[in-house]
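J.: with the input below, show me the fold.
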Amino acid sequence: MRRITFFNLVAVAMLVGVIACVVPAFGRADKSSDPVYLNKIPSGYRDWKLISVAHEEGNLHSLGAVLGNDVAIKAYREGTLPFPDGAIIAALHYGHVPSEENNKVFGRAQSFVPGPPTNIQFMVKDSKQYAATDGWGFGSFTPDGKPGNETAMKTCAPCHAMASHDAVFTRYAP
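T.: I've put the predicted structure just below:
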């Protein structure tokens, strides 16, 4: 039987050290290549609470309802920044059209209502999964629930990074 020498122990220790460094690196590489956007709509979002509404002009000409899950609503109400992991914000966007019915009552064109849906967008806070984008994952979906195009999705994080409240533009409307 051979004797284990000091050099053999050092060699084994070095090998274990190399393995300990390499294996996590492979895990990080896989995660960093994960997309920073969602490919599935979070379930139950239509039952979430209202955070605010939005009206966007220019080329968008849209109305939006911004909703939040319970984690997001609690953070908004308590003024918690950064938002905690698990917060999800949804923006339901619609074209806006004049309401003929309402305008007849008012006697002039002044009432606008949601028209056809244009998209549904989400922000999901997960500081580990989305570390590359300040902890936020983004998703945009067509009205029929299909994920938006990857090229357009890559513009979400850089734009939101300019928002001064943890990458979130929308303020809470109590």
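J.: nearest residue to residue 82 in space, please, no chain neighbours.
T.: Closest residue in space to residue 82, ignoring its immediate chain neighbours: residue 166 at 4.2 Å, by C-beta to C-beta, 6 or more residues apart in numbering. Just so you know, the C-beta spots here come from the backbone N, C-alpha and C atoms, and that holds for glycine as well.
J.: so what are the domain limits for the protein?
T.: 1-33, 36-160 (automatic domain parsing).
J.: residue boundaries of the strands in this protein?
T.: Here the chain has its strands, by DSSP state E, at 49-56, 62-68, 88-98, 112-125, 136-141.
J.: how about those strands, which one is nearest residue 40?
T.: Nearest to residue 40, of all the strands of the chain, is strand 136-141, at 7.9 Å by C-beta to C-beta.
J.: report the angle between the closest one and strand 112-125.
T.: 140 degrees (axes from the mean of the first three to the mean of the last three C-alpha atoms, to 10 degrees).
J.: what's the mean pLDDT across strand 136-141?
T.: In this model, strand 136-141 has a mean pLDDT of 97.
J.: for residue 143, give me its contacts.
T.: Going by C-beta atoms under 8 Å, 6 or more residues apart in numbering, residue 143 touches 116-120.
J.: are any of the residues you listed buried, and which?
T.: Listed as buried from these are 118-120; burial here means 16 or more other C-beta atoms under 10 Å.
J.: re earlier: how about TSV for the strands of the chain, with distance to residue 158 added?
T.: Output for the strands of the chain, formatted as TSV (distance: least, C-beta to C-beta, whole Å):
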stretch	distance to residue 158
strand 49-56	19
strand 62-68	20
strand 88-98	18
strand 112-125	14
strand 136-141	11
